[in-house]
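Novice: Only the shape, not the letters, is given here:
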């Protein structure tokens with residue numbers, strides 16, 4: 001059973017790292033949006049392509065044109081933080097109990 005435990009622990013760790021990277025990409029995108037970035041810059045283009053699939057559902061939930069402020073990064077960060085606290089912690093607990 002230790003093999004399954006190690007597998008679940010590895011999956012939880014990879015998910016945790018992926019969610020942490022997503023958090024930082026969203027924060028960087030939000031900070032860059034304050035300075036009117038060049039949309040043809042490779043880094044800006046990469047940030048938009050990687051974070052837009054995360055932010056788009058939250059934009060549909062709370063459109064920015066109704067209030068003038070885009071709250072989708074904040075909502076996405078809250079959702080990702082919830083996943084880190086719930087999903088990753090649950091997987092780590094499962095891995096511990098399997099042993």
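Specialist: Done, it's in. Remember, predicted model here, so these are calculated numbers, not experimental data. Numbers count the residues shown, from 1 in each chain.
Novice: State the distance from the spatially most central residue of the chain to residue 51.
Specialist: The residue lying closest to the centre of the chain (CA atoms, centre = their mean) is residue 22, at 3.6 Å. Distance, residue 22 to residue 51, using CB to CB, to the nearest Å: 8 Å. The way it works is simple: take the backbone N, C-alpha and C, and place the C-beta from them, glycine included.
Novice: repeat for residue 31
Specialist: 12 Å.
Novice: quick one, which of those two is more surrounded?
Specialist: Shown here are residue 31 and residue 51; by other CB atoms under 10 Å, residue 51 has more neighbours (20 against 11).
Novice: chain center to the helix or strand hosting that one: distance?
Specialist: Element membership for residue 51 (DSSP states H and E) is helix 42-61. Distance of helix 42-61 from the chain centroid (CA atoms, centre = their mean, to the nearest Å) equals 11 Å.
Novice: repeat for stretch 40-59
Specialist: 12 Å.
Novice: What residues of it count as buried?
Specialist: 44, 47-48, 51, 54-55, 58-59 (16 or more other CB atoms under 10 Å).
Novice: Quick check: the two most widely separated of these?
Specialist: 44 and 58 (20.1 Å; CB to CB).
Novice: Show me what the longest helix belonging to the chain packs onto, helices and strands only.
Specialist: With secondary structure taken from DSSP state H, the chain has its longest helix at helix 2-33. The elements that helix 2-33 packs onto, with contact taken as 3 or more CB pairs under 8 Å, 6 or more residues apart in numbering; DSSP states H and E, are helix 42-61, helix 72-83, helix 89-98.
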